Structure formats: structure tokens, C-alpha cells
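Chemist: structure for the following, please:
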Amino acid sequence: MTLDYNVIAAYIAGILFLYLLGRLFLIPARIILKLFFNAIIGGAALVVINAIGGLFGFHIALNIISALIVGILGIPGILLLSILKVIFHF
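Modeler: Residues are numbered from 1 along each chain as shown. Okay, here's the model as predicted:
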């Protein structure tokens with residue numbers, strides 16, 4: 001049984017196509033997982049800061065903007081919101 005070179009080239013092209021398609025779906029999954037992880041860590045940190053800061057009169061409001069900042073940036077977002085809270089006293 002002999003294989004034609006066109007069949008071998010088609011197999012190689014198909015495997016390459018599947019590899020590229022897999023890479024195409026893997027990159028957005030990494031980004032989504034990273035954003036999800038940042039949101040979980042940042043949300044937990046926000047709850048802890050509000051619980052401890054409530055004893056001292058320091059509270060960061062939980063709204064859409066602060067949730068987006070914390071979700072995208074994670075812990076640096078918490079630091080950013082804390083610094084903005086101290087600077088602008090809002």
C-alpha cells in the first residue's frame with residue numbers, strides 16, 4: 001500500500017491546522033482564567049479591607065467601577081483604590 005504525497009501533505013496540513021486552532025482557543029482561556037483569578041483574589045482582599053477598615057472608618061465602596069478595577073488588576077487594584085480613597089477622601 002503506497003500513500004500519495006498529496007495525502008501525506010493533507011495529513012500534515014490537517015495536523016498543523018488543528019495545532020493552530022488549539023493555540024487560538026488556548027490563549028483566550030488563559031486570559032479569562034487570569035481575570036477570574038484576579039477577581040477572586042481582589043474581591044476577597046476587598047472584603048478583608050472593608051472588614052478591618054470598618055473598625056477605623058475606612059471603607060471602599062463596592063460598585064461596578066471598583067469591581068472592574070479589582071477584577072482586572074487584582075491586588076494592585078486594591079492598592080490603587082486605597083490610595084485614591086486616602087488622597088481624595090471620598
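Chemist: only C-alpha atoms for contact and neighbour calcs from this point on.
Modeler: OK.
Chemist: other residues contacting stretch 26-37?
Modeler: 71, 72 (C-alpha atoms under 8 Å, 6 or more residues apart in numbering).
Chemist: what are the buried residues along that stretch?
Modeler: residue 35 (16 or more other C-alpha atoms under 10 Å).
Chemist: low-confidence stretches in this protein?
Modeler: For the chain, applying pLDDT under 70 flags the ranges 1-3, 90.
Chemist: kindly recompute the last result at 90.
Modeler: 1-12, 14, 17-50, 53-54, 56-78, 86, 89-90 (pLDDT under 90).
Chemist: just the helices in it please.
Modeler: Using DSSP state H, the helices of the chain run over 5-53, 64-73, 75-88.
Chemist: out of these, which is the most enclosed?
Modeler: Mean neighbour count (mean count of other C-alpha atoms under 10 Å) peaks for helix 64-73 among the helices of the chain, with a mean of 17.
Chemist: so it versus helix 75-88, what angle?
Modeler: Relative orientation of helix 64-73 and helix 75-88, computed by axes from the mean of the first three to the mean of the last three C-alpha atoms, to 10 degrees: 140 degrees.
Chemist: on contacts alone, who are the packing partners of helix 64-73?
Modeler: For helix 64-73, the packing partners by 3 or more C-alpha pairs under 8 Å, 6 or more residues apart in numbering; DSSP states H and E come out as helix 5-53, helix 75-88.
Chemist: compute the inter-axis angle for that helix and helix 5-53.
Modeler: Relative orientation of helix 64-73 versus helix 5-53 (the same axes, to 10 degrees): 130 degrees.
Chemist: what's the spacing between helix 64-73 and its chain's center?
Modeler: Centroid separation between helix 64-73 and its chain, computed with C-alpha atoms, centre = their mean, to the nearest Å, is 11 Å.
Chemist: ok, the residue nearest in space to the middle of the chain to residue 61 distance?
Modeler: Centroid-nearest residue in the chain, with C-alpha atoms, centre = their mean: residue 35, separated by 1.2 Å. Distance of residue 35 to residue 61, given as C-alpha to C-alpha, to the nearest Å: 21 Å.
Chemist: kindly report the same for residue 19.
Modeler: According to C-alpha to C-alpha, residue 19 and residue 61 sit 45 Å apart.
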